[in-house]
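Student: Have a look at this prediction, sequence included:
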Amino acid sequence: MAGMVERNGAGTIISHVGLIFGIAIVCFPIYLAIVASTVEQKDIVSPPLPLLPGGHFIENYKKALLSGVNIPVWRMLVNSTIMAMGIAIGKIVISLLSAFAIVYFRFPLRTFFFWMIFLTLMLPVEVRIVPTFEVIANFGMLNSYTGLILPLIASATATFLFRQFFMTVPDEIAEAARVDGAKPMRFFFDILLPMSRTNIAALFVILFIYGWNQYLWPLLITTDPEMNTIVMGIKQMFPSGDDLADWPVIMATALLAMLPPVLVVVFMQNLFIKGLVDAEK
Amino acid sequence: MEKRVTFKGWLLPLLLITPQVVVTAVFFFWPAGQAIYQSAFIPDPFGLKSQFVGWGNFQFIFTDPYYLASFKTTAIFSLSVTIVSMGVALWLALMADRIIKGAATYRTLLIWPYAVAPAIAGVLWLFMFNPRIGVVSWYLDKIGYDWNHVLNSNEAMLLVVLASAWSRISYNFLFFLAGLQSIPKSLVEAAAMDGAGFWYRFRTIVFPLLSPTTFFLLVVNIVYAFFETFGVIHTITAGGPQQATNIMVYKVYSDGFVGQDLGSSAAQSVVLLFVVGLLTILQFRYIEKKVHY
Amino acid sequence: MTTISLKDVKKSYGNLRVIHGVSVDIHDSEFIVVVGPSGCGKSTLLRMIAGLEDISEGEVCIDGKVVNHLEPMDRNIAMVFQNYALYPHMSVFDNIAYSLKIAKTSKAEIKQRVQETAELLQLGDYLDRKPRQLSGGQRQRVAMGRAIVRRPSVFLFDEPLSNLDAKLRVQMRLEIKRLQRQLGITSVFVTHDQVEAMTLGDKLMVLNDGRVEQFGTPVELYQKPRSIFVAQFIGSPSMNIVPVSEGHRLPNGAVVDHAVPKPQHTGELSLGIRPEHIDIEPASDVRFLIEMAEQLGANTLIHGVLEGSSAPLVVSLPGLHTLESLDASIGLRFQPENCHWFDTATGDRL
């Protein structure tokens, strides 16, 4: 009686057709962007857009990467990479350290600090933009990588994730290490870190995407185009007023902007899904 | 839950936790405190001194028709985004769950839009619906519909909802699929043998068992629509036309940075703080009792 | 040459006292087994010797030196854990070598000592494997190797065999005993399994509810249990405890054999008699109603009650018997020299 639930025949075909239709809809905006990034401006301003890619792929991408609109896109890619890596690594490092302290030590104010970190779950950057901006401005961190990264690296989520994981490490492992003569930091580096590598990798994937896709924060604190990240920089490529935007270059930039995180998701799919599920637990 | 084993000493753990505590204090608590403090003042235009007004800013925003309209806009926007995105994702997940061969390929093709930033999603949808050159608006024109979201409030709202929902489909799809796959196949098969049709099975077995996932996604999606859609709004409509898409987060930004009305912006931040608090509590209630209803 | 002595060691968690003053002297090269039911505090006691648990009161001395405030590593002890506690990401070699690396031993010496240890434990072929690629018995050996390689002065074992299947447990038991003899290292072994305790220990400490019930050789504990608790805990099947009333009457009214020495005691009495110390005596007026027979091979355990009462009794008869081969009711004789008397109220031996 296997396959009882319409696993065969019509049911399956309907499912396949439905999925392909759904994927077509989901992918349609991207396909259009690919087409737009391979044609000339004149093909775009006289609608409708051709349905097949044109022959200006190299030309458009070269123009985007090397000259862009305000600033070459390669520069924004570099900025985005630094910001995304900085946020992901920074969050992981400070969260690992604080989770280690909270789980493996008893010290004054431990509970207080725990709740303090916990409360930050309730304070997304969007809620406190103006005062946070002022803090960064007072520190002279506008238009700096530090200013882009630092306010975003405190993360209750990562701390909790590592705390949960550390809790599942058997007590005996830490005791064995103590009997073997390992001091706390030795235990941390030799045993706890290597045991956490899958969790770290999964979290890195999620946090890299989070960092790369930041929009509002870079928009506020990078007034110098040299410091723009690619995700926020795209908006700056649109002309003010009624001038026509340089769509082929903008679309090439949009595709360049989504390429790194998309590659990460597709090629590290299992880590990505693990990270996503862990982070929401 | 506490660990039995601990290391001795208090200096080392304090040093270990210091980076996180400092960053949290400087970039979370200090600004949040500032927001609360500033919400009680009106700075003079030159920013030299500010005048204490107590609840004045709150009284102002809660009588400000624009702010009240923003409440309504936010509610309509987030509900629409949540329903559209979850609906499409559930539909896709139900079909993917029934497929044995090729399921992995479909999954790969459906999850990558998660990696596309909301702001980039905004640009893509803006391109499709651009009144002058957009492909979709051109075809709409062919069938006699004049699409112009730059002027038409409803069309603007529809467009930001679609773009925001689109960029969330992957996430919802993944969680729905995982939820569906965790439902014991024997249950569904037993119902099928009893002669229950697909929709009947879905209503009486699948959907009730899926309800924890659904509730979780509901809260997470509302949080997303409230805060993370800033990029979509900013790239497509910038809150317009006539404030039709000016959701609360966007208004905090536009009043604070564009309008330089710091007192009002701070008061709005504080209101948002409460909203986040409420949503977080909801989320925790879910985590607390991950149960089937 | 290592001795361990505990002087009135106590442990409390807040107001809850879990160890009520344990004093014991362990001589050099001795193998001590701490045995007791789960929750009796035996692991806590071991962990206090190891330095993994603070000592609330009293002193732990190793070689005459108080070690209360020393870190585990400074006590020169090695410990084998119940779930082995192997580092999952390290090879067998690295697991065994870890403590030497921390002690900054030279590479050459580490290699040599790990090799030696591996030979001793027949782990030579597995040094490159990860713990998850090993069987339960092999993991147990790695855990042993990790302890041996440091040449500690004390071995501590925390129920190291309880995760193994029955056959492997017997095999590893012998192996541990052999290694301990060969290396001559003072050892403390915690278990809840009294058979393991009897076969391994030079001396046994029976712990109950945080108190030492008895400390002595396995034979002493078997022959002269100091309390009902020890009497029932040591030996398998466990000792029968029969309440005896005024006039030395058994629950069914029969009078205890005049050959059995009687204590001078006024309170309630209990008579202890091991199943293997009961013989069939057709003429006896201690009648036994048979309910069930368990054939163990060399002997048969007969379960039943004293006729005319509901007092249960187990009798072990040599050879094979079945319910059919025995009469439904038989007469019994308690071997007088193997009868134990206890005060029912306190449980103490009389």
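Tutor: Thanks, I have it. Numbers count the residues shown, from 1 in each chain, chains lettered A, B, ... in the order given.

Student: can you give me the helices in the stretch 1-150 of chain A?
Tutor: For the stretch 1-150 of chain A, the helices defined by DSSP state H, counting those that start in this stretch occupy A:10-36, A:41-45, A:57-66, A:73-104, A:110-119, A:129-138, A:145-149.

Student: looking at those, which is buried most?
Tutor: When these are scored by mean count of other Cβ atoms under 10 Å in any protein chain shown, the highest mean neighbour count falls to helix A:73-104 (a mean of 22). C-beta: built from backbone N, CA, C; applies to glycine.

Student: same for that helix, what does it pack against?
Tutor: helix A:57-66, helix A:110-119, helix A:145-149, helix A:156-168, helix A:197-212, helix A:230-236, helix A:247-267, helix B:11-24 (3 or more Cβ pairs under 8 Å, 6 or more residues apart in numbering or on different chains; DSSP states H and E).

Student: could those be laid out in a markdown table, adding distance to residue B:52 and mean pLDDT?
Tutor: Below are the helices and strands packed on helix A:73-104 laid out as a markdown table (distance: least, Cβ to Cβ, whole Å; pLDDT from 0 to 100):
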| stretch | distance to residue B:52 | mean pLDDT |
| --- | --- | --- |
| helix A:57-66 | 51 | 84 |
| helix A:110-119 | 27 | 86 |
| helix A:145-149 | 31 | 92 |
| helix A:156-168 | 33 | 88 |
| helix A:197-212 | 39 | 92 |
| helix A:230-236 | 36 | 89 |
| helix A:247-267 | 45 | 91 |
| helix B:11-24 | 29 | 93 |
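
Student: Contact residues of chain C facing chain B?
Tutor: With Cβ under 8 Å from any Cβ of the partner chain as the criterion, chain C meets chain B at residues residue C:52.

Student: Wait, residue A:177 touches residue A:189, no?
Tutor: No - taking contacts as Cβ atoms under 8 Å, residue A:177 lies outside contact range of residue A:189: 11.0 Å.

Student: right, and the helices and strands packed on helix A:73-104 - which one's nearest chain C?
Tutor: Comparison of these against chain C by Cβ to the nearest Cβ identifies helix A:197-212 as nearest, at 7.9 Å.

Student: any residues touching the helix or strand that comes right after that closest one, and which ones?
Tutor: Downstream of helix A:197-212, the next assigned helix or strand under DSSP states H and E is helix A:216-221. If you take Cβ atoms under 8 Å, 6 or more residues apart in numbering or on different chains as the criterion, helix A:216-221 is touched by A:83, A:125-126, A:129, A:133, A:136, A:141-143, A:147-148, A:151-152, A:227-229, A:231-232, A:235, B:230-231, B:234, B:253, B:257.

Student: still on that earlier bit, right, and the helices of the stretch 1-150 of chain A - which one's nearest residue C:295?
Tutor: Nearest of the helices of the stretch 1-150 of chain A to residue C:295, taken as Cβ to Cβ: helix A:73-104 at 53.3 Å.

Student: Mean confidence (pLDDT) on the closest one, please.
Tutor: Average pLDDT, helix A:73-104: 94.

Student: and what of stretch B:112-126?
Tutor: Here stretch B:112-126 scores 92 as its mean pLDDT.

Student: Residue ranges in chain B under the pLDDT threshold?
Tutor: Scanning chain B for pLDDT under 70 picks out B:1-2, B:4-5, B:44-48, B:286-293.

Student: top helix in it by residue count?
Tutor: Determined from DSSP state H, the single longest helix within chain B is helix B:65-97.

Student: can you give me the angle that one makes with helix A:10-36?
Tutor: Using axes from the mean of the first three to the mean of the last three Cα atoms, to 10 degrees, the inter-axis angle of helix B:65-97 relative to helix A:10-36 is 130 degrees.

Student: which of the residues in the helix or strand that helix B:65-97 is followed by are buried?
Tutor: Per DSSP H and E, helix B:65-97 leads on to helix B:103-111 as the next helix or strand towards the C-terminus. Across helix B:103-111, burial judged by 16 or more other Cβ atoms under 10 Å in any protein chain shown covers B:103, B:106, B:107, B:109, B:110, B:111.

Student: same thing with stretch B:145-163?
Tutor: By neighbour count on 16+ other Cβ under 10 Å, the buried set for stretch B:145-163 is B:147-150, B:152-153, B:155-163.

Student: Quick check: end-to-end length of it?
Tutor: Between the opening and closing residues of stretch B:145-163 lies a distance of 20 Å (Cα to Cα, to the nearest Å).

Student: quick one on the thing from earlier: just the buried residues of stretch B:145-163: which are in helices?
Tutor: Mapping the buried residues of stretch B:145-163 onto helices (DSSP H) picks out B:153, B:155, B:156, B:157, B:158, B:159, B:160, B:161, B:162, B:163.

Student: Compile the residues you listed into TSV and extend it with columns for distance to chain C.
Tutor: Shown next, in TSV, are those (distance: Cβ to the nearest Cβ, whole Å):
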residue	distance to chain C
B:153	59
B:155	57
B:156	54
B:157	53
B:158	53
B:159	51
B:160	48
B:161	48
B:162	47
B:163	44
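
Student: which two in those are spaced the farthest apart?
Tutor: Farthest-apart pair in these is B:153 and B:163; separation 16.1 Å (Cβ to Cβ).

Student: what helix or strand does the nearest residue to residue C:66 once chain neighbours are set aside sit in?
Tutor: Of all residues beyond its chain neighbours, the one nearest residue C:66 is residue C:59 (5.2 Å), with distances taken as Cβ to Cβ, 6 or more residues apart in numbering or on different chains. With secondary structure defined by DSSP H and E, residue C:59 is part of strand C:57-62.

Student: Could you list the residues in contact with the helix or strand following that strand?
Tutor: Per DSSP H and E, the first helix or strand lying C-terminal to strand C:57-62 is strand C:65-66. For strand C:65-66, the external contacting residues (Cβ under 8 Å, 6+ apart) are C:59, C:60.

Student: And for stretch C:339-346?
Tutor: With Cβ under 8 Å, 6+ apart as the test, stretch C:339-346 has contacts from C:224-225, C:227-228, C:231, C:239, C:241, C:243, C:260-263, C:265, C:267-273, C:277, C:348-350.

Student: Which among these count as buried?
Tutor: Buried among those (16+ other Cβ under 10 Å): C:225, C:227-228, C:231, C:239, C:241, C:260, C:269-273, C:277, C:349.

Student: from these, which ones fall inside strands?
Tutor: Counting by DSSP state E, these place C:241, C:269, C:270, C:271, C:272, C:273 in strands.

Student: which of these sit farthest apart?
Tutor: C:269 and C:273 (12.9 Å).

Student: circling back: pick the most deeply packed of the helices and strands packed on helix A:73-104.
Tutor: Using mean count of other Cβ under 10 Å, helix A:230-236 ranks as the most buried of the helices and strands packed on helix A:73-104, with a mean of 25.

Student: Just the CA atoms of that one, as CSV, please.
Tutor: Provided in CSV are the C-alpha atoms of helix A:230-236 (Å, rounded to 0.1, in the frame of the first residue of the first chain):
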residue,chain,number,x,y,z
ILE,A,230,26.8,47.6,-2.5
VAL,A,231,23.4,46.8,-1.2
MET,A,232,22.8,50.4,-0.1
GLY,A,233,24.9,51.9,-2.9
ILE,A,234,22.4,50.7,-5.5
LYS,A,235,19.8,53.2,-4.4
GLN,A,236,22.4,56.0,-4.8
